[in-house]
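Peer 1: Please work out how this folds:
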Amino acid sequence: MSTPRIVVTGIGATTPIGGTAPESWAALKNGVSGTHSLEYDWVEQYQLPVTFAAEAAVRPDSVLERPVANRLDPSAQFALVAAKEAWADAGAPDVDPDRLGVDFATGIGGLQTTLNGWDVLKEKGPRRVMPMSVPMLMPNAPAAAVSMHLNARAYARTVASACASSTESLINAFDSLRLGRADVVIAGGSEAVIHGLTIAAFAAMQALSKRNDSPETASRPYSVDRDGFVMGEGGAALVLETEEHAKARGAKIYAEIVGGGVTADSYHITAPEPEGLGASRAVRLALKEAGATPDDVTHINAHATSTPTGDIAEYKALRSVFGDRIDEIPVSATKASTGHLLGGTGALEAIFTILALQDRQAPPTINLTTQDPEIPLRISGEPIALSEGPQLAISNSFGFGGHNAVVAIRSV
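Peer 2: Okay, here's the model as predicted:
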């Protein structure tokens, strides 16, 4: 029996540069930055060293019905908004609930519910703590919310692998469909942790950019003067199904998922392995599963967080796989526009990769001042036209704990 082909039939996203996937894609191509100064009393109250972030362009509780939003942490709100868009975009497939799965990721989970609940406990006592606090703060809440909304009963799974989380979810969905565990899976990720604690903590470990005087240009992957990532928030979702199932119902097909690679550095809890060994193995695994070679790749959406060590390690990984050809492949570092959505970033960047293949155009990387001579990638502040003919791209995600995940995507 032949292995089924897995295709993407629906996409949805709510991001710092747009309330939907099409809005986010248009803003990305136009070089929009979603990063701005934060206008909260707690920024000054706690004298935070970083005073900006990439907040969602549209608040999720303004999209969802109030009774629904009130029972969900913002991380689950973002997940549900993105999933509803993706499901509608896919044509709301008529699928047996027992054959519909959910694989939705997060890096941290319901942090805002946790911290707000702790404040209530300290200030007002246990009787004022919300009875829904635990269901709202648990990291599987986004997956559960999507599952219940769609009546998905095949499974509802959560991945928590830091910034690699939602790329792993996408790969899990791909594997489940090929193994026949479901006919349709909605996969993605979300994050909502723009809070004084996380900003202070990431800043303390020297991970965040401190360009308070120019937040819109703070995320600058591959620039010689990059100084850290920008915290982002939002959610992204993709509807995956077998090609046979999609064609039988007359669905439009965006792209084909053809491979995935997941590895671990086993090196350091926050720093990447300096030579990118785990990352390069993940790329090779994804290409091997795709039945492809490095010569077949026409576009790369890089993890590219704008940290001094992370960008270098990823470049070394890519050069070890692609050799000198890496200098020719159009690369996009889209976090320069969106900030870093942590557990939601992989799903969002997979969507951007799919749309890049569809439009035959690698999106621009903004804020590239002077490119680091140690990272001589083909990257541009303007869109780059992709080559004619079939396209094969990879999207990279790497996270704290040494998690590496790479998905390979082919045009249709």
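Peer 1: just checking, residue 255 touches residue 407?
Peer 2: No: in terms of CB atoms under 8 Å, residue 255 does not count as a neighbour of residue 407; the distance is 10.6 Å. In short, each C-beta sits where N, CA and C put it, glycine included.
Peer 1: And those two? Which one has more around it.
Peer 2: Remark: of residue 255 and residue 407, residue 407 carries more neighbours, 31 against 24, as counted by other CB atoms under 10 Å.
Peer 1: Would you mind naming the residues that bridge with the more buried one?
Peer 2: residue 260, residue 395 (DSSP bridges).
Peer 1: do the same with residue 385
Peer 2: residue 361.
Peer 1: On the three-state scheme, the residue most central in space within the chain is what?
Peer 2: Residue closest to the mean C-alpha point of the chain, counted by CA atoms, centre = their mean, is residue 345 at 1.7 Å. On the three-state scheme (DSSP: H, G, I helix; E, B strand; the rest coil), residue 345 is labelled helix.
Peer 1: And the pLDDT for it?
Peer 2: Predicted confidence (pLDDT) for residue 345: 98.
Peer 1: residues touching it, list them.
Peer 2: 163, 166, 189, 191, 232, 335, 338, 397 (CB atoms under 8 Å, 6 or more residues apart in numbering).
Peer 1: Narrow those residues to just the buried residues.
Peer 2: Buried by 16 or more other CB atoms under 10 Å: 163, 166, 189, 191, 232, 335, 338, 397, out of these.
Peer 1: Out of the residues you listed, name the ones that lie in helices.
Peer 2: Judged by DSSP state H, the buried ones among the contacts of residue 345 include 166, 335, 338 as members of helices.
Peer 1: which stretches of the stretch 251-400 of the chain have low pLDDT?
Peer 2: Within the stretch 251-400 of the chain, no stretch has pLDDT under 70.
Peer 1: Show me what counts as buried in stretch 378-387.
Peer 2: Neighbour-count burial for stretch 378-387 flags 379-380, 383-384, 386 (criterion: 16+ other CB under 10 Å).
Peer 1: same check, this time on stretch 253-268
Peer 2: Of all the residues in stretch 253-268, those buried under the rule 16+ other CB under 10 Å are 254-263, 265.
Peer 1: Distance check, the residue nearest to the centre of the chain against residue 241.
Peer 2: Per CB to CB, to the nearest Å, residue 345 is found 24 Å from residue 241.
Peer 1: repeat for residue 355
Peer 2: 19 Å.
Peer 1: Looking at the two, which is more packed in?
Peer 2: With neighbours defined as other CB under 10 Å, residue 355 and residue 241 compare such that residue 241 has more, 30 against 21.
Peer 1: what residues are up against the residue lying closest to that one once chain neighbours are set aside?
Peer 2: Nearest residue to residue 241 in three dimensions, chain neighbours excluded: residue 184, at 4.4 Å (CB to CB, 6 or more residues apart in numbering). Going by CB under 8 Å, 6+ apart, residue 184 touches 93, 95, 99-101, 239-241, 245.
Peer 1: now residue 184: how far from residue 274?
Peer 2: Distance from residue 184 to residue 274, by CB to CB: 41 Å.
Peer 1: which residues of the chain fall in helices?
Peer 2: For the chain, the helices defined by DSSP H cover 21-29, 41-45, 66-69, 74-89, 111-124, 133-137, 141-150, 165-178, 196-204, 243-248, 277-289, 308-322, 335-338, 345-359.
Peer 1: Check the ones you listed for me and report the most buried one.
Peer 2: Among the helices of the chain, helix 335-338 has the highest mean neighbour count (mean count of other CB atoms under 10 Å), at a mean of 30.
Peer 1: follow-up on the earlier one: in TSV, list the buried residues of stretch 378-387 along with distance to residue 316.
Peer 2: Below are the buried residues of stretch 378-387 laid out as TSV (distance: CB to CB, whole Å):
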residue	distance to residue 316
379	16
380	21
383	26
384	22
386	24
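Peer 1: nearest residue to residue 272 other than its sequence neighbours?
Peer 2: Counting by CB to CB, 6+ apart, residue 272 lies nearest to residue 313, which is 4.0 Å off, once chain neighbours are set aside.
Peer 1: wait, I meant residue 152
Peer 2: Per CB to CB, 6+ apart, closest to residue 152 is residue 100, 4.1 Å.
Peer 1: Setting aside sequence neighbours, what's the nearest residue to residue 237?
Peer 2: Counting by CB to CB, 6+ apart, residue 237 lies nearest to residue 188, which is 3.5 Å off, once chain neighbours are set aside.
Peer 1: The one you found: what's it in contact with?
Peer 2: Counting by CB under 8 Å, 6+ apart, residue 188 makes contact with 12, 79, 82-83, 86, 104-105, 166, 169-170, 235-238, 344, 347.
Peer 1: Going by distance to residue 202, which of the residues you listed wins?
Peer 2: residue 344 (16.0 Å; CB to CB).
Peer 1: count of neighbours near that closest one?
Peer 2: Look at residue 344: counted by other CB under 10 Å, it has 36 neighbours.
Peer 1: Please report the distance of the residue lying closest to it once chain neighbours are set aside from residue 283.
Peer 2: Once flanking residues are discounted, residue 344 sits nearest to residue 189: 4.1 Å by CB to CB, 6+ apart. The gap separating residue 189 from residue 283 is 20 Å, by CB to CB.
Peer 1: got it, and residue 102?
Peer 2: In this view, residue 102 and residue 283 are 27 Å apart by CB to CB.
Peer 1: Who are the contact partners of the residue nearest to residue 163 when sequence neighbours are not counted?
Peer 2: Excluding the flanking residues, the one nearest residue 163 by CB to CB, 6+ apart is residue 399, at 3.6 Å. Counting by CB under 8 Å, 6+ apart, residue 399 makes contact with 107, 161-165.
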